[in-house]
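**Q** model this:
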Amino acid sequence: MAQARLGGGSRHWGRWMFSGPPTRGPFLRQLPEVLRPRLPEKWRSFTFRSRSNLAQFCYGDPAIHYEVWFHSRLDLLEVGLHFESDHLTNEHYFSALDERIVEIKGELGLGVELERWDRGWCRVFEAHPLAALDDHFRAAIAARLAAFIVVLEPICDDVRQLALRRR
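**A** Now for the predicted structure:
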């Protein structure tokens, strides 16, 4: 499934674009305030950017980010961790996740998938059927995103530390 890059390929955080249904933008923009209290203190400081159909949460490199993405054609909402960096970086993360996928699925559930996809990118994600974009659904999505961060961010930290030692 192809991923549309924000800002025409730009890596500018803080660029806001709205073109979809009016309820999606507010739904996504309010996620950070619902997400932060569900996270351990050390993961509450993330960078956030949003547009009408997706929101991204980053802990450093914007090419490595958690994402909540509306798949309009499929009537699904994806919650995931995307690796949209260079091929070698993406493969380091993919390998680390692949080695622990049984543990990850044990903690996050069997609906979680790890895959390589468009442009040499990879992702670990799950898809949710669209529901009313109300406070209840936003809280449920924020809870799932928090679970992804709590389980996956320590693995990402290990990959980043290993990369630093290689330099």
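
**Q** how close does residue 86 get to residue 49?
**A** As for residue 86, its distance to residue 49 is 21 Å (criterion: C-beta to C-beta, to the nearest Å). C-beta: built from backbone N, CA, C; applies to glycine.

**Q** Over to residue 115?
**A** From residue 115 over to residue 49 the distance is 23 Å, taken as C-beta to C-beta.

**Q** and these two? which has more neighbours close in?
**A** Using other C-beta atoms under 10 Å as the criterion, residue 115 and residue 49 rank with residue 49 on top: 21 against 12.

**Q** For the residue most central in space within the chain, give me the pLDDT.
**A** Nearest to the mean C-alpha position of the chain, counting by C-alpha atoms, centre = their mean, stands residue 66 at 1.9 Å. pLDDT for residue 66: 98.

**Q** Then the one 3 residues further on?
**A** In this prediction, residue 69 carries a pLDDT score of 96.

**Q** Start the count at 239 instead of 1 going forward.
**A** Shifting the count to begin at 239 puts that one at residue 307.

**Q** tell me the SS of it?
**A** Reduced to three states with DSSP: H, G, I helix; E, B strand; the rest coil, the structure at residue 307 is strand.

**Q** Contact partners for it?
**A** 241, 291, 292, 293, 315, 316, 318 (C-beta atoms under 8 Å, 6 or more residues apart in numbering).

**Q** burial count for residue 284?
**A** 18.

**Q** Of the contacts of residue 307, keep whichever come out buried.
**A** Listed as buried from the contacts of residue 307 are 291, 292, 293, 315, 316, 318; burial here means 16 or more other C-beta atoms under 10 Å.

**Q** hang on, the fifth one packs against residue 294?
**A** No: applying C-beta atoms under 8 Å, one finds residue 316 not in contact with residue 294, separated by 11.8 Å.
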